[in-house]
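Visitor: quick one, fold the following:
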Amino acid sequence: SYGSNHHKNWMWKTKSTNCITVDGRGQKGHSASATGKIIAFATSDRIDYVAGEAGSAYGGALNRFTRHILFIKPELIIVFDQLEAPEESGFEWRLHSLKKMQINGQNDIRIINEQAAARVSFLAPAGLKLALTDKFDPPPRARIKLTEWHLTASTPKKAKRMEFVTVIRPYRPSKQTPPATATLHKLKNGYAVEARIAGGKVIALLRTAEKGTISFGGQSANTQTAAFILDANG
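Guide: Coordinates of the predicted model:
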């Protein structure tokens, strides 16, 4: 179905991925000018971190789209998105699944697909409007018998600047109950995410200011993003 209406206007579009659109507008589809770059990367036995910048891929709709991803192995993923637009805009975080999502508010979205499951929490911003559908836009050709689920989490009001803090907790539904969500603390120059993990907890510091020290719970860092794993004794 290469070049079909569904292929061009769904598969080539940002709305079909786990990404963010701006007033429904995404990155330039099927274009070599939709460029981005990795701006930071680190890996270790316990924590992986990557940050990418994709603002220029939006054809003028965004001046900045920096996505930070922290992976606290094996049970916690923190996604921190920083967006800046030239004019006040609405922002939509898109999430897709092969199975229907169970939505208990923006902090408790559960997806179970046989032996793999995840609990997703949109910790910030507050007041997201959630819409779930099993329809493609536009649909594939009639001979394609496929159902997927698509969640759109839209900001309640327009703004030039927006920050999303999202926590994804994968787990085995046959062996575990859904993990507890994380707690978000708004700080003067950023956020702190506090989450329980096996044997202790994690404190992640997410700085929104370009410079300065960010501190919470006895932990401090002079970086854009930092994560601390604490055992049961702190």
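Visitor: low-scoring stretches of this protein, by residue?
Guide: For the chain, applying pLDDT under 70 flags no range at all.
Visitor: who's sitting farthest from the centroid in this structure?
Guide: Going by C-alpha atoms, centre = their mean, the residue of the chain most distant from its centre is Arg143, 32.7 Å out.
Visitor: that one: helix or strand, and which one exactly?
Guide: For Arg143, there is no helix or strand it lies in under DSSP states H and E.
Visitor: pretty sure Gln168 sits against Phe71.
Guide: Rather than Gln, residue 168 is Ile. No: between Ile168 and Phe71 there is no contact under C-beta atoms under 8 Å: 9.5 Å. Quick note: C-beta positions are derived from backbone N, CA and C, even for glycine.
Visitor: anything in contact with each of the two?
Guide: Listed as contacting both Ile168 and Phe71 by C-beta atoms under 8 Å, 6 or more residues apart in numbering are Ile77.
Visitor: with just CA atoms, put stretch 46-61 into CSV.
Guide: Output in CSV follows, covering the C-alpha atoms of stretch 46-61 (Å, rounded to 0.1, in the frame of the first residue of the first chain):
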residue,chain,number,x,y,z
ARG,A,46,21.8,0.7,36.2
ILE,A,47,20.9,3.8,34.2
ASP,A,48,20.7,4.8,30.5
TYR,A,49,20.1,8.3,29.4
VAL,A,50,19.6,9.9,26.0
ALA,A,51,18.5,13.4,24.9
GLY,A,52,17.5,14.5,21.4
GLU,A,53,16.6,17.8,19.7
ALA,A,54,13.9,17.7,17.0
GLY,A,55,12.5,21.2,17.0
SER,A,56,13.7,22.0,13.4
ALA,A,57,11.8,19.0,12.0
TYR,A,58,8.5,20.7,12.6
GLY,A,59,8.7,23.2,9.8
GLY,A,60,8.4,26.3,11.9
ALA,A,61,5.8,25.1,14.3
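Visitor: return the set of buried residues in that stretch.
Guide: By neighbour count on 16 or more other C-beta atoms under 10 Å, the buried set for stretch 46-61 is 47-49, 51, 53-58, 61.
Visitor: these in strands, which ones?
Guide: 47-49, 51, 53 (DSSP state E).
Visitor: wait, which of these is closest to Gln224?
Guide: Ala51 (7.4 Å; C-beta to C-beta).
Visitor: what about Arg141, which helix or strand?
Guide: According to DSSP H and E, Arg141 maps onto no helix or strand at all.
Visitor: need phi/psi at it.
Guide: Dihedral angles of Arg141 (phi, psi; degrees, to the nearest 10) stand at phi -60, psi 150.
Visitor: tally of neighbours for it?
Guide: Residues within reach of Arg141, counting by other C-beta atoms under 10 Å, total 10.
Visitor: now Ala116, nearest residue through space, not along the chain?
Guide: Excluding the flanking residues, the one nearest Ala116 by C-beta to C-beta, 6 or more residues apart in numbering is Pro170, at 7.0 Å.
Visitor: tell me what that neighbour is bridged to.
Guide: With DSSP bridges as the criterion, Pro170 is bridged to Ala118.
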